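Peer 1: Just need the structure, nothing else, for what follows:
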Amino acid sequence: MVNEQNSVPYNTLDYLKAPEACASYLEAALEDGDERVLSLALKNVTAALSASMPSAILPLSHQQADTLPLSLGSLLENLHKLGFELYVRPKQAA
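Peer 2: Have a look, this model is predicted:
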């Protein structure tokens, strides 16, 4: 049973203050493989970084973030605007 008097609301943006945290979050969303997860992650990172970015270069509006599927070109463009890059590495053996 949850004790609501002692619980604190969870806000993803509270954990996306540093670029490294945003990068890890985006990487996990990419690994998930679900475009809806990736779209939400891009939306959250954009919101987290919006205070430090001019609105003219913000990559995603709410309408764009809700549009699926994301093309590879759109994904790369959005990541670059946010200050990230996408790279490929070999899977690590389990």
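
Peer 1: pLDDT at residue 6, what is it?
Peer 2: Listed pLDDT for residue 6 reads 78.

Peer 1: how close does it get to residue 73?
Peer 2: 47 Å (C-beta to C-beta, to the nearest Å). To be clear about C-beta, it is placed using only N, CA and C from the backbone, and glycine gets the same treatment.

Peer 1: do the same with residue 83
Peer 2: 18 Å.

Peer 1: neighbour-wise, which of the two wins?
Peer 2: Taking neighbours as other C-beta atoms under 10 Å, residue 83 and residue 73 compare with residue 83 leading, 14 against 8.

Peer 1: Could you find the closest non-adjacent residue to the more buried one?
Peer 2: Using C-beta to C-beta, 6 or more residues apart in numbering and skipping the chain neighbours, the partner closest in space to residue 83 is residue 19 (6.6 Å).

Peer 1: State the number of residues packed around residue 75.
Peer 2: Residue 75 has 19 nearby residues by other C-beta under 10 Å.

Peer 1: Kindly apply the preceding question to residue 84 instead.
Peer 2: Residue 84 is flanked by 17 other residues according to other C-beta under 10 Å.

Peer 1: For it, which non-adjacent residue is spatially closest?
Peer 2: Once flanking residues are discounted, residue 84 sits nearest to residue 23: 5.9 Å by C-beta to C-beta, 6+ apart.

Peer 1: Centre of the chain to whichever helix or strand the one you found is part of, how far?
Peer 2: Element membership for residue 23, per DSSP states H and E: helix 19-32. Its chain's C-alpha centre and that of helix 19-32 lie 6 Å apart, by C-alpha atoms, centre = their mean, to the nearest Å.

Peer 1: Following the chain onward from the least confident helix or strand in the chain by mean pLDDT, which element is next?
Peer 2: Lowest by mean pLDDT, DSSP states H and E among the helices and strands of the chain is helix 62-65, with a mean of 50. Remark: after helix 62-65, the chain's next helix or strand is helix 72-82, criterion DSSP H and E.
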